[in-house]
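[1] Predicted model, plus sequence, below.
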Amino acid sequence: MQKLFFVLIFIITFAAAQTEITFSKTFVKKIKPDTLSTSINIRSQKLSQEETIERLTKISDFTDASKHLDIKGGIYSINPHMVYDNGKSYQDGYDGSISYSVSSKDPKELNKFIRDIQRLGDKEKLMVSIASVSWQMSEEQQAKQGDSDSLRLDAILWAREYAKSLSSKIGKGCKVLRIDFRNSQTVFPENSKMLAVSSNSAPIPVQDEQTIQITPSFTLVCR
């Protein structure tokens, strides 16, 4: 009975001598996005089906001939233009629409493209809508530095150094027990400010930094 009692006391003392510390810390990295992007929608209204197809084709030919730009989309639709009057409906021509997402690392090239497609739209009596002109990180930039791998490495190295520093301060041997990265990266774009490059140009957003952030949870054990 005495031996069992001694072993039990030893286990409790050992557990009491061990301290676990759990906390979170945020690691931040700022990056300037390298690509200016926008969404463009071109619409026609109350034209014949042939005229609608012809004018949307001119837009498509123009985008196909544009160089130094990354142009995606070209999805179009042609639908009857319906008019409703006194409970009755009838068709009055066709409405057409074609949309693109356009991006470039050279803001002047994108600015020129926007001006040119607006002029073409005016010439063809089309409605051109430009939306969401903003800076984005390209796929190449994301692969190179936009992900949180480097921040994870920073967190691991920091945790090791912190464990050493804590050991010397409290007189115990501390080590990293685990690091939880499930709180993954978050990107917070700054509010874009508009900057006009010249009197006859569309405004270009200022190339503000974006923030990549991780907040891992650390558990240290000190004995």
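    Structure's in. What do you need? Please read these numbers as outputs of a predicted model, since none were measured by experiment.

[2] Quick one: mean pLDDT over whichever helix or strand residue 119 is part of.
    Taking DSSP states H and E as the criterion, residue 119 maps to helix 107-123. The average pLDDT for helix 107-123 rounds to 94.

[3] could you say what helices and strands the next helix or strand after that helix packs with?
    Downstream of helix 107-123, the next assigned helix or strand under DSSP H and E is strand 127-136. Using 3 or more C-beta pairs under 8 Å, 6 or more residues apart in numbering; DSSP states H and E, the elements in contact with strand 127-136 are strand 35-47, helix 107-123, strand 203-205. Every residue, glycine included, has its C-beta placed from N, CA and C.

[4] Sheet partners, orientation included, of the next helix or strand along the chain from the shortest one?
    Okay, so that is strand 203-205. Downstream of strand 203-205, the next assigned helix or strand under DSSP H and E is strand 210-214. Paired strands of strand 210-214, with direction, are strand 27-31 (antiparallel), strand 186-189 (antiparallel) (DSSP bridges).

[5] Residue 48 is in contact with residue 95, isn't it?
    No. Assessed by C-beta atoms under 8 Å, residue 48 is found out of contact with residue 95, at 11.6 Å.

[6] okay, those two: which has more neighbours?
    Between residue 48 and residue 95, counted using other C-beta atoms under 10 Å, the more crowded position is residue 95 (17 against 10).

[7] now the angle between helix 107-123 and the helix or strand in which the more buried one is found, please.
    Assigned by DSSP H and E, residue 95 falls within strand 88-104. Orientation of strand 88-104 against helix 107-123 (axes from the mean of the first three to the mean of the last three C-alpha atoms, to 10 degrees) gives an angle of 160 degrees.

[8] still on that earlier bit, mean pLDDT lowest for which of the strands paired with strand 210-214?
    strand 186-189 (a mean of 61).

[9] for the helices and strands packed on strand 127-136, which one sits closest to residue 143?
    Of all the helices and strands packed on strand 127-136, it is strand 35-47 that lies closest to residue 143, at 13.2 Å by C-beta to C-beta.
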